[in-house]
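S.K.: Here is my input; please provide its structure:
(chains A and B)
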Amino acid sequence: MPLNFTIAVIALPLLMFLFLGLAGPKMSRKIAGVIGTLGMLVTTIIAYGVSLTYFFGDAEGQIADGVRQAVVVFNPDWLSFTKTLVVRMGIMLDPIAAMMLVVICTVSLMVHLYSLGYMCDHHGHAEKGFQRYYAFLALFTFSMLGLVVATNLFQIFIFFEMVGVSSYLLIGFYYSSPAAKHANKKAFIVTRLADLFFLVGIMILSYYTGTFDFDKLVFGPNGANSLETAGSAIASAGGQTFLGCSVMAWALTFIFIGGAGKSAMYPLHIWLPDAMEGPTPVSALIHAATMVVAGVFLVARLFPMYVIEQGAMDIICVTGAFTAFYAAAIACVQSDIKRALAFSTISQIAFMMTSLAVSSAGGNLIEIHGGTGLGYMASMFHLFTHAMFKALLFLCAGAIIHAVHSNENSDMHGLHKYMPITSFAFLIGCLAIAGIPPFAGFWSKDEILVACYEKGLGWGLWMSAVAGMTAFYMFRIYFLIFHWKEHKIHTEHAPADQPWTMTLPLIILGVISIVAGFVPAHSLVTWDGAHLHTQLNWTVAGTSVAIACVGIGLAYRMYFRENNLPQRMADSCRGLWTAAYRRFYMDELYQFITHKVIFQSICKPIARFDRAVIDGFFNLLARASRSAAYGIRGFQSGDTQSYVFVYYIGAIALALATIICVAL
Amino acid sequence: MEIFSNILIYFVIVPILTMAGLALCQNRGIAAIRAVAVTGASALMILAAYLVYYFLQARGAGDNSEMLLRTDVTWYAPFNIRLALGVDGVSVVMILLSAFIVFAGVFASWKMNPLPKQFFLWFYLLSTGVFGFFISIDLFTMFMFYEVALIPMYLLIGVWGSGSKNYSAMKLTLMLMGGSAFLMLGLIGIYFHSSADGNLTMNILEIARNNAIPHNWQMWLFPLTFIGFGVLGAMFPFHTWSPDGHASAPTAVSMLHAGVLMKLGGYGCFRVAIYLMPYAANELAWIFLLLTGVSIVYGAFSACVQTDLKYINAYSSVSHCGMVLFAILMFNTTAMTGAVLQMLSHGLMTALFFALIGMIYGRTHTRDIRDMGGMMHIMPYLGVGYVIAGLASLGLPGLSGFVAEMTIFIGSFQHADMFHRVLTIAATCSIVITAVYILRVVAKLLFGEVQDPHHAQLTDATWEERLSTATLIAAVAAIGCFPNFFVNIISDSFLPIVKALGQFIPVA
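M.R.: Below you'll find the model as predicted:
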């Protein structure tokens, strides 16, 4: 399939959005859903065709000298700031963009299909706003696709905003619910704050380099990432510093903060758990598989620049490693299954971030940076596998929630008997995320750990420990949902596996989660487009599987059958448990800052100042002139005697003045 | 008469003819009044579209003169008062903006009551002033049309307004007149120094070419004119007329006022103050940059705590219009182009906001967001319109606010001076605060449960309301999706100004 078919991949969801958005209210709900899903199906087929052509068909010359090049298929000017500084709206395929096309379209199609069943009440009637829901899904898909094929940094920023808004609209889909309306506001504002940093980063970067285009920032003459190009882009700042750091380090750190907002890195993660107020398929698509990896994608996009500006890379590394642990710790005690999965997502994205950050470029600069580019490949690989199994887990969670009408695991328990397919699919997802071979997560996570050990033993051990926690909390959720004990109400309204529209995506994603690990990522998505020689590091692999098994074993001991061990452990360190359950009070901190500090101590005084002081001054002016007018109006009384009196006084005064003047 | 062969004069003649037509209507003949008003507005739209077409053709054919369609007729010879017309790219887009707002405004005041005929008469008088201002390149005619646009405001608010309308009308008029007083002093001063050889002139292009205003005089005249226009542009601390004025004004007047009239301020600031006095502009820019920088953040913070829908938008206008003046003072083509885009964007978006607020207020009879909620259930069309206006305001790509703000920020950051760059970053913070107040009001007003059971009976938009808002939404989306079309019209117009400034700015 010719690569310029990518235009259709981007355009179709946009047309779907416009069509469903404008004509949707006029058509029946079911038809709108079916049209949306069919549109997505066509998009997915084209996207697969394009990606396969890009990766495996070398007829179009996208591989030169063994290096997979970036291909720009479409790049018109959109907004000219100056003659040279131009924002273009382009479509570019390179390894990570082509991979993301597959990820986004696959998950999006599954979610479209799944929602046909999920967004119905239990009589099978589509919910109110079904058309709107599908329109927003299409809008999101368009925005996300536009983001990954961007040819320049500004285009990424534009689509960052677009995905942010789609996410806002979808989180707030149930807009009557107070929780949803707060959650979407919070999500938008937190990511907007991050985008502010992103924007400032872009402003600094473009000021010095004079461009937004990736082919001038990171791509070398051979069309793949190049440290030389990135080096000269960074050198264009002329070594200027600001507060002791080079301006480029500032710019790149700010850009990372923008990505950290979308990717829910600590301390900008607080919006993601709340975003679970949206419909569950939306959580699967946006808040597990695609939008939340936009930050990882952004850092990967500018990877050569970060490699050279190691200061910024160290910040990413520390943030990622800390977030991975922090979120995993919280995920261990959450009782709402969607929130537990949300924290798991944060932790896994942090894995990808860390992996990128510990990776130093390979190739010709091995001696200087001492790395192999393994972390980059591992990060992208994990992005791919994680999208599949996390979407699977969320869709399973959705099926369960749809069956029992609750998010709390205390309302579930023992569902294995009632929902065998869902249970089995969830188990596959858990095994994949825990890193048990041969499931997908094993292969990608193993390579991340290898990359971390290459950076240093400490980083490796830290991340291995987090991997163990991952296995523990995932199986905790699994056992609490599907085992633990029989549930009392199940006998009357027995929950069951859901209709085929919801079950089929589970099966498809389950199969992908099993086999995705065998995708030859090391030859497809490397940082420099060349083949990367890797082999399984048995020491690391063995250790990580052993740690995962310990985690699973512990979870089995604590949560498979009902017992009071979890309660005893929680009681024994009550403070820590509560702190983790309350997510280490980050939300309260934000609440304090936004509400008490900004709203009460900045906005209110300013508004009062405006009314009392500034407006008061002008009112005072008006009042003063009015009193002056009242004061002098006595002179215009119309009373002849007083006129004459004043006249004489004046005449005498003038006469006296004249006499005195003459006399002197 | 050679003047009538110039298409520009018809932008003044058409509103006057419309007024004549309205005067002939019966007081109660609402259908006839509407017909005349719509005809006038449509004629203006067609004229404006033709003007854009003509402008593009002329520029495409290689006509690079600073102003096109120039006509110069003597009005009163002893004082050198002339009617000088001419447009460049900026005026063309401003005229287009005005035509859009007048068109939407007519439909938004479809059910105006009482005295519809008189309302439209004043409405069109105001439009006459607005269009006249944008087509003039003579200081006297400019000032005259400026005043023609301001005065009808007093009656429009005082008669058809709501709330404490007398206070608001008086305050707005007096404050703007105060600005005019400054302005008049400035303009007279410019006139008396307009030429070194005694051939005094009011023509802007000639004054700029003579470049004869002594530097010490510029230091006085620049602040006078800049503040004079700045008052109308809601510059801190002269913005306080805006919240009260907007809150009391009827819908169409708010639309026209925020949409177009406030743009007169920004337009005048660069056309007169900066263009004619580049030396002082360069020397004193930092004071006004600080003031406008404060406007941007201050307006946004103030908007966060307001509870009246119109107050929120009035303060939001302070913030957005502050950005216009802020960008103009950056003295480079990119930022100034951004300023004009922001004028367009803010004009359309605020007009849309005020139209929607008027429609909601007409149904609920309250503008207090604490008393409302769940409007999305009750009036989905207006709700969606409000969300789109909000997203445009907080800068969603694809709508106009984004391109305007980004052009301003990127352009301002191109300044080599650290002071300007730091101020720019401070101004950028407003994008977050804007998101806060917009989403706050959207969540309160539209989402959640219906607060007042009486509201559940209300109806959604009627056809004329849909037409009015759809026009504005289409315009907002057009700018957002195809910004280069507008940038190409606008940006070359700044070359003479940037060149005039260039003599005083050290090359970075």
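S.K.: so what's residue A:319 closest to, chain neighbours aside?
M.R.: Closest residue in space to residue A:319, ignoring its immediate chain neighbours: residue A:265 at 5.2 Å, by C-beta to C-beta, 6 or more residues apart in numbering or on different chains. In this view, the C-beta of every residue, glycine as well, is placed from N, C-alpha and C.
S.K.: which SS class is residue B:75?
M.R.: Per DSSP: H, G, I helix; E, B strand; the rest coil, the secondary structure class of residue B:75 is strand.
S.K.: My guess is it contacts residue B:83. True?
M.R.: Yes - the pair residue B:75 and residue B:83 qualifies as a contact (C-beta atoms under 8 Å) at a distance of 5.1 Å.
S.K.: Show me which of these two is the more surrounded one.
M.R.: Neighbour count, other C-beta atoms under 10 Å in any protein chain shown: between residue B:75 and residue B:83, residue B:83 has more, with 21 against 14.
S.K.: Pull up the overlap in contacts between residue B:75 and residue B:83.
M.R.: residue B:141 (C-beta atoms under 8 Å, 6 or more residues apart in numbering or on different chains).
S.K.: OK, contacts around residue A:327?
M.R.: A:266, A:269, A:343, A:344, A:346, A:347, A:350 are the contacts of residue A:327 under C-beta under 8 Å, 6+ apart.
S.K.: neighbours around the fourth one, how many?
M.R.: In this case it means residue A:344. Residue A:344: 26 neighbours (other C-beta under 10 Å).
S.K.: Can you tell me the element it falls in?
M.R.: helix A:337-358 (DSSP states H and E).
S.K.: So which elements touch that helix?
M.R.: helix A:271-274, helix A:280-284, helix A:294-301, helix A:303-308, helix A:310-331, helix A:374-404, helix A:440-455, helix A:457-482 (3 or more C-beta pairs under 8 Å, 6 or more residues apart in numbering or on different chains; DSSP states H and E).
S.K.: give me every residue that touches residue 353.
M.R.: I went with chain A, as the question did not name one. Per C-beta under 8 Å, 6+ apart, neighbours of residue A:353: A:263, A:265, A:295, A:296, A:299, A:316, A:319, A:320, A:323, A:379.
S.K.: meant chain B, my bad for not saying
M.R.: Residue B:353 neighbours (C-beta under 8 Å, 6+ apart): B:313, B:386, B:389, B:393.
S.K.: can you tell me which of these are in helices?
M.R.: B:313, B:386, B:389, B:393 (DSSP state H).
S.K.: What are the boundaries of the strands in the stretch 351-500 of chain B?
M.R.: In the stretch 351-500 of chain B, no strands are defined using DSSP state E, counting those that start in this stretch.
S.K.: Do I have it right that residue B:171 meets residue A:618?
M.R.: Yes - using C-beta under 8 Å, residue B:171 is in contact with residue A:618, at 7.4 Å.
S.K.: So those two - more neighbours on which side?
M.R.: More neighbours surround residue B:171 than the other of residue B:171 and residue A:618, with 21 against 17 (other C-beta under 10 Å).
S.K.: same for the helix or strand hosting that one, what does it pack against?
M.R.: Assigned by DSSP H and E, residue B:171 belongs to helix B:165-192. When contacts are defined as 3+ C-beta pairs under 8 Å, 6+ apart, helix B:165-192 sits against helix A:615-632, helix B:139-160, helix B:215-232, helix B:241-248.
S.K.: which residues are contacting the next helix or strand after the shortest one?
M.R.: Toward the C-terminus, helix B:241-248 is succeeded by helix B:251-256 as the next helix or strand (DSSP H and E). For helix B:251-256, contacts defined as C-beta under 8 Å, 6+ apart pick out B:101-102, B:104-106, B:108-109, B:112, B:123, B:126-127, B:130, B:153, B:156-157, B:160-161, B:246, B:310, B:350-351, B:354-355, B:357-359, B:361-362.
S.K.: got the residues of the stretch 151-300 of chain A near chain B?
M.R.: A:154, A:158-159, A:161-162, A:165, A:172, A:175-176, A:178, A:180-182, A:184-185, A:188-189, A:192-193, A:195-196, A:199-200, A:203-204, A:206-207 (C-beta under 8 Å from any C-beta of the partner chain).
S.K.: Show the buried residues in the residues you listed.
M.R.: Neighbour-count burial (16 or more other C-beta atoms under 10 Å in any protein chain shown) applied to those gives A:154, A:158-159, A:161-162, A:165, A:172, A:175-176, A:180-182, A:184-185, A:188-189, A:192-193, A:195-196, A:199-200, A:203-204, A:206-207.
S.K.: For residue A:570, give its distance to residue B:209.
M.R.: Counting by C-beta to C-beta, to the nearest Å, the gap from residue A:570 to residue B:209 is 83 Å.
S.K.: how about the helices in the stretch 551-664 of chain A?
M.R.: Assigned by DSSP state H, counting those that start in this stretch, the helices in the stretch 551-664 of chain A fall at A:565-572, A:574-581, A:586-591, A:604-609, A:615-632, A:640-663.
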